[in-house]
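Student: please work out how this folds:
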Amino acid sequence: MSQPSPSEPIGSIGWTERTGGVLTTRERISLARPLLRSELQIVYGMVAMALRLHSGRRRDLDPAVLRPPDSLLAKDAESAARDGLSPALLNHSRRAYAWGAALAALDGITFDRELLYVAAMFHDTGLPSPVPQVDFTVHSAGLARAFADDHGVLASDREVIANAIAMHYTPGVGLDSGPEAFLLSAGAGVDVFGLRSDHVPDAIRRHVVAQYPRSGFKREFARLFRAEAKQVPHGRAWYLHRFAASDATIRLAPFRG
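Tutor: Here you go, the predicted structure:
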């Protein structure tokens, strides 16, 4: 397979659709550093929280910043997600948005709330992949694009949504990929692996989980992630399952259920 161009980074919607999400050896090597950095952050955060030295103890945030957009687009996106996701995955999608919005407020990041919310609602709708050798986010992004098109969303904004969905579980997503992609990745990382959960104020963590209960999310998501790893050998789920012990990391995330 050809290597991605600078304008088509690993995990982007263009790269994912072109490659099916299958990583070359060179791409796997290039992801090793951001993956290791994330793993170290997870361990550091767990230790800091256990010792009650984490930054979330010293920070405060108005829960109002976590509220979903009050728009027809957002409400219809949640309704569509409710039809396509289990209760545990639907609440994960809600929490992914909330964690992303919380981190944006803490870090001073400006983003489009509607686009992030639509991306959050659809990001796992294709999990596991319905097509062998094709990453599940291709299907998720396709469903989101069709939904957004039906609702008159601009083509450029549809691509922001699709790219955020495709990027969200690539190790090391940065703001250079766009604030919505960065925040969806960060929000999902908090919820699935506990990455940066130590940054979130303690009261906010309790508030979000109380509002959107986890309902056995860890077990369900780990099962789906293993299925994706088998469906797309050498894809990103396979990579995380093999090199980041994703089952154990999901199980050890600092949330119950």
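
Student: would you map the helices across the stretch 51-200 of the chain?
Tutor: Per DSSP state H, counting those that start in this stretch, the stretch 51-200 of the chain carries helices over the ranges 72-84, 87-107, 113-122, 136-150, 155-167, 179-193.

Student: for those helices, which one sits closest to Asp62?
Tutor: When the helices of the stretch 51-200 of the chain are ranked by proximity to Asp62, the top entry is helix 87-107, at 7.9 Å, counting by CB to CB. In short, each C-beta sits where N, CA and C put it, glycine included.

Student: please compute how far the closest one lies from its chain's middle.
Tutor: 9 Å (CA atoms, centre = their mean, to the nearest Å).

Student: then stretch 31-42?
Tutor: Averaging C-alpha positions (CA atoms, centre = their mean) puts stretch 31-42 16 Å from its chain's average.

Student: quick one: buried residues of it?
Tutor: For stretch 31-42, the neighbour count (16 or more other CB atoms under 10 Å) marks 31, 35, 38-39, 41-42 as buried.

Student: list the buried residues of whichever strand or helix holds Val209.
Tutor: Element membership of Val209 [criterion: DSSP states H and E] is helix 202-211. Neighbour counts using 16+ other CB under 10 Å place 202, 204-205, 207-209 of helix 202-211 among the buried residues.

Student: any regions of the stretch 151-257 of the chain where pLDDT drops low?
Tutor: Of all residues in the stretch 151-257 of the chain, none has pLDDT under 70.

Student: excluding its backbone neighbours, what's nearest the residue nearest to the spatial centre of the chain?
Tutor: Most central residue of the chain, judged by C-alpha distance to the mean C-alpha position with CA atoms, centre = their mean, is Ala188 at 3.3 Å. In space, and not counting its chain neighbours, Ala188 is closest to Ala96: 4.6 Å by CB to CB, 6 or more residues apart in numbering.

Student: neighbours of the one you found, just the number please.
Tutor: Counted with other CB atoms under 10 Å, the burial measure for Ala96 works out to 29 neighbours.

Student: wait, doesn't it sit right on Ala119?
Tutor: No. Ala96 sits out of contact with Ala119 when judged by CB atoms under 8 Å, with a separation of 9.0 Å.

Student: who touches both of those two?
Tutor: Common neighbours of Ala96 and Ala119 (criterion: CB atoms under 8 Å, 6 or more residues apart in numbering): Leu184.
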